[in-house]
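**Student:** predicted model, plus sequence, below.
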Amino acid sequence: MPRSQQDSRPFLQRLMKALRLVRVLVMQFRVFLICSNVAFIGSALMLYFFYPLQELPKAQRSFLAIAYDTLQMTFFQTPIPFVDDWRLIPVFFGLPVLGLIVIAEGAVHLGQLLFQHRTYSREWQDMLAASFQNHIVVAGLGNVGIRVVQQLRRVGEEVVSIENNSESAFLPELEKMGVPAIIGDVRNSQVLEKSSIRKAKAFLAVTDNDLANLEAALSVRELDPNIRIVVRMFDQRLAAKMQKSFAVNCVFSTSALAAPVFAQAALSSNILASFEFGGAIVNAFQLTIEPSSALLGLKIDQVRASYEVTVMMHQRNGSVDWNPPPDTVLDAGDKLLIIADNKNIQTFISVERSILCELDVKN
């Protein structure tokens, strides 16, 4: 990632946090604000149409001036003389009372909200989740769930989490990331509603209970027919049947995903990921160019052609190039991220082992 983007990320995160706070406050005060504004505008209109404006100085006869006088009357000021007109009596006596209620109620409610925000209480997290839209809901805050949330936040996605265990060890981690956690059973429609599921763009069920994930996915599909649903399943056969039979976009068996990685890790610790595509096992391999490496001095394009691999990334002195030029010459200490099938990856594993053997002999 370019340094300019890295430098701007903390600022953008603070800005988004401030905007979420404002959004929550607006949502909590919206009824109060609507009623107050209706009362204020109604009072200003009544004064403008029924007050004897000819008795006022010419500069005070415009609607804007009357609106300003109305605002002052709300806060116990007397900018215009009292008129004994039954249509205006509610304005003269009611506005000061309204102002008192606005000040008292507003101050108390705002103080409560700011206190809940500071303590990151359950109530505040529910209110925060209600303000989200176009976000991703992650159900299940176990070892898989927390990593999914971390990855989504790392790429800038807004996330709401649902967790059944109020004592989960990962809840403090969510607070640091600014991710609200809804405590409750993900199969409960009311719990799903608290997560603003109808305004979400995706739902991930990653609890350690296959049945709970299945029920949650079906409930979410009923609430929103268009939302993208991803489900974690332990039973690989059930995962395949579920994706065919139900309106679920992706169903992943964790054991099926992990098996290739475990198998390939037995060959080399530098295999970062392994998956099946088109009937072949594809590996992501991290290779460090050692001083004695056969790749030292070669160009990246030569590596691609000679070993029939794809060089995805090149790292040198801490700087990562996501699309390295083909004429880049490899130097000692460089790191490559290579994508290759099982047959071609064996060559790199052999190079890796030969270098380790040479180091052992030297030591």
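**Tutor:** Sure thing, it's come through.

**Student:** which other helices and strands contact the host helix or strand of F29?
**Tutor:** Using DSSP states H and E, F29 falls within helix 3-50. Packing partners of helix 3-50 (3 or more CB pairs under 8 Å, 6 or more residues apart in numbering; DSSP states H and E): helix 63-74, helix 89-119, helix 122-130. Where you see a C-beta, it was placed from the backbone N, CA and C, and this is true even at glycine.

**Student:** give me whichever of those helices is most buried.
**Tutor:** Stretch with highest mean neighbour count among the helices and strands packed on helix 3-50: helix 122-130 (a mean of 19; mean count of other CB atoms under 10 Å).

**Student:** who's in contact with stretch 160-177?
**Tutor:** Here stretch 160-177 makes contact (CB atoms under 8 Å, 6 or more residues apart in numbering) with 120, 129, 132, 135-142, 145-146, 149-150, 153, 159, 179-186, 191-192, 195-196, 200, 207.

**Student:** now, the residues you listed that are in helices?
**Tutor:** Counted as lying in helices by DSSP state H, out of the contacts of stretch 160-177, are A129, G145, I146, V149, Q150, R153, V191, L192.

**Student:** distance to L214 added to those residues, as JSON lines?
**Tutor:** Formatted as JSON lines, the ones in helices among the contacts of stretch 160-177 follow (distance: CB to CB, whole Å):
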{"residue": "A129", "distance to L214": "23"}
{"residue": "G145", "distance to L214": "16"}
{"residue": "I146", "distance to L214": "22"}
{"residue": "V149", "distance to L214": "21"}
{"residue": "Q150", "distance to L214": "25"}
{"residue": "R153", "distance to L214": "27"}
{"residue": "V191", "distance to L214": "16"}
{"residue": "L192", "distance to L214": "14"}
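
**Student:** could you find the closest non-adjacent residue to E215?
**Tutor:** The shortest distance from E215 to any non-neighbouring residue, by CB to CB, 6 or more residues apart in numbering, is to R187 (4.4 Å).

**Student:** how close does the one you found get to L174?
**Tutor:** Between R187 and L174 the distance is 21 Å, computed by CB to CB, to the nearest Å.

**Student:** and what of F29?
**Tutor:** From F29 to L174 the distance is 26 Å (CB to CB).

**Student:** kindly report the same for S36.
**Tutor:** Distance of S36 to L174, computed by CB to CB: 35 Å.

**Student:** so what's the gap between stretch 320-330 and the chain middle?
**Tutor:** Relative to the mean C-alpha coordinate of its chain, stretch 320-330 is positioned 32 Å out (CA atoms, centre = their mean, to the nearest Å).

**Student:** for that stretch, which outside residues touch it?
**Tutor:** Stretch 320-330 has contacts (CB under 8 Å, 6+ apart) with 1, 289, 295-301, 303-304, 311-315, 336.

**Student:** would you mind giving me the PyMOL syntax to select the buried ones in the residues you listed?
**Tutor:** Typed into PyMOL, the line below selects the buried ones among the contacts of stretch 320-330, using 16 or more other CB atoms under 10 Å:
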select buried, resi 289+295+298+299+300+303+311+313+314+315+336
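
**Student:** can you add distance to L45 and mean pLDDT and give the helices and strands packed on helix 3-50 back as JSON lines?
**Tutor:** Formatted as JSON lines, those follow (distance: least, CB to CB, whole Å; pLDDT from 0 to 100):
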{"stretch": "helix 63-74", "distance to L45": "8", "mean pLDDT": "89"}
{"stretch": "helix 89-119", "distance to L45": "10", "mean pLDDT": "79"}
{"stretch": "helix 122-130", "distance to L45": "34", "mean pLDDT": "86"}
